[in-house]
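Asks: turn this into a model:
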Amino acid sequence: MAATPKKRIDAAGYNIKEQVVSINRVTKVVKGGKNLSFSALVVVGDPNAKVVGFGTGKAKEVPSAIKKGIEAAKKNLRKVNVLETTIAHRVLGRFGSGLVLLKPAPAGTGVIAGGPVRAVIESAGIPNVLTKSIGSHNPHNVVKATIDALEQLRDRAAVADMRGLPQEKVI
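Replies: Now for the predicted structure:
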């Protein structure tokens, strides 16, 4: 299947909330010694509008790295198709060796997720979902696999159009 061009979402129209997933201290060994810097993985989203994005930033200080990560994440926003309180169907997201399974949950269940998956799900504004992170525990891979899973979600109208059926016949 060919990649479809993504329509860029402007962050200015949304009430964006940011969440830092991980901060990593990185060093570059050079002739004069070691250059120390910080790398930050940030997830941003508007729970009411169901948009989410992630970004990474690198700088000499932690606040600057977080700020750069937020700016990168705002350029990388995606719309998520969800029902009122949960997702429409079971989905498996994959990135590298990271796998994330998302399952619909009844109202009142809450977000059953850990670490990076929880950050993405809460930023996307999904109140009830069951998740399982399989494979890699690397936060970058887990966040990207969760975003991949959320992008695979389809709404009823899109599925009906794809199958050539009336919307009432799609379960």
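Asks: can you tell me the centre-most residue of this protein?
Replies: Among the residues of the chain, the one closest to the centroid is residue 147, at 3.7 Å (Cα atoms, centre = their mean).
Asks: low-confidence ranges, this structure, go.
Replies: 1-7, 171 (pLDDT under 70).
Asks: name the residues of the helix or strand where residue 53 lies that are buried.
Replies: Taking DSSP states H and E as the definition, one finds residue 53 inside strand 51-59. By 16 or more other Cβ atoms under 10 Å, the buried positions in strand 51-59 come out as 51, 52, 53, 54, 55, 56, 57, 59. Every C-beta, even on glycine, is put in place using the N, C-alpha and C of the backbone.
Asks: show me what it is packed up against.
Replies: strand 33-46, helix 62-74, strand 78-79, helix 115-124, helix 139-152 (3 or more Cβ pairs under 8 Å, 6 or more residues apart in numbering; DSSP states H and E).
Asks: who's in contact with the fourth one?
Replies: Among residues not part of helix 115-124, those counted as contacts by Cβ atoms under 8 Å, 6 or more residues apart in numbering are 17, 19, 21-22, 41, 43-45, 47, 50-52, 54, 80, 82, 100, 102, 111, 113, 129, 131, 133, 139, 142-143, 146-147, 150.
Asks: that older thread, any chance of a markdown table for the helices and strands packed on strand 51-59, columns distance to residue 8?
Replies: A markdown table is the format used below for those (distance: least, Cβ to Cβ, whole Å):
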| stretch | distance to residue 8 |
| --- | --- |
| strand 33-46 | 15 |
| helix 62-74 | 11 |
| strand 78-79 | 10 |
| helix 115-124 | 18 |
| helix 139-152 | 15 |
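Asks: go through the ones you listed and pick out the most buried.
Replies: helix 115-124 (a mean of 24; mean count of other Cβ atoms under 10 Å).
Asks: any idea of the angle the helix or strand just after that one forms with helix 115-124?
Replies: Note on helix 115-124: by DSSP H and E, the next helix or strand toward the C-terminus is strand 129-135. Strand 129-135 and helix 115-124 meet at an angle of 150 degrees, taking axes from the mean of the first three to the mean of the last three Cα atoms, to 10 degrees as the criterion.
Asks: how many degrees apart are strand 129-135 and helix 139-152 in direction?
Replies: 130 degrees.
Asks: output strand 129-135 as CSV, nothing but the C-alphas.
Replies: C-alpha atoms of strand 129-135 as CSV (Å, rounded to 0.1, in the frame of the first residue of the first chain):
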residue,chain,number,x,y,z
VAL,A,129,-8.2,1.5,27.0
LEU,A,130,-6.2,-1.7,27.7
THR,A,131,-2.6,-1.8,26.5
LYS,A,132,0.2,-4.2,26.4
SER,A,133,3.8,-3.3,25.5
ILE,A,134,5.6,-6.3,23.9
GLY,A,135,9.2,-6.5,22.9
